[in-house]
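Asker: got a predicted structure here, sequence first:
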Amino acid sequence: MIEFHLDARSGLSPYQQLVQQVRHALRLGLLDEGDQLPKVKDVVANLAINPNTVLKAYRELEHDGLVSARPGVGTFVTATLGNVSFAALGPLRRDLNRWLSQARKAGLDEESIEALLMSTFRDSARSAREDIA
């Protein structure tokens, strides 16, 4: 089961962070069809947030066709987003951890690492689009 966390520095509202975390877990194969999301009351207790925030996130995921609420039972995954096998992610994760270690040794803090990663990601995506055109 997924365990939610909130980051006040993310720039995203709490409900958007919950939606994003579920979508990431679906992409990475950490959640599968039939898996149950944490009960609203448990998320509220763990994160000290308003129940309406959790309900809003779950409703958005349901609207996107990714989960289905079963009254009195819980909210369950109905679709996945992953198209890469979990086994294929292992070597990539190791390479990324190695890169992160090098970035920290070079003196980059979390925000600098994130900025560099996102900038490089955007540049790479732009380059890939130009190669196609």
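Answerer: Thanks, I have it. Residues are numbered from 1 along each chain as shown.

Asker: now Ser13: how far from Val67?
Answerer: In this structure, Ser13 and Val67 are 19 Å apart, going by CB to CB, to the nearest Å. Yep, even glycine has a C-beta here, placed from its N, CA and C like the rest.

Asker: just Ala87 next, same as before
Answerer: Taken as CB to CB, the span from Ala87 to Val67 is 25 Å.

Asker: and those two? Which one has more around it.
Answerer: Val67 (24 against 8; other CB atoms under 10 Å).

Asker: thought Phe76 was touching Leu37?
Answerer: Yes - between Phe76 and Leu37 there is a contact under CB atoms under 8 Å: 7.2 Å.

Asker: what's the overlap in contacts for the two?
Answerer: Val67 (CB atoms under 8 Å, 6 or more residues apart in numbering).

Asker: other SSEs contacting the lengthiest helix in the chain?
Answerer: Scanning the chain for the helix with the most residues, using DSSP state H, yields helix 110-132. Secondary-structure packing of helix 110-132 (3 or more CB pairs under 8 Å, 6 or more residues apart in numbering; DSSP states H and E): helix 86-105.
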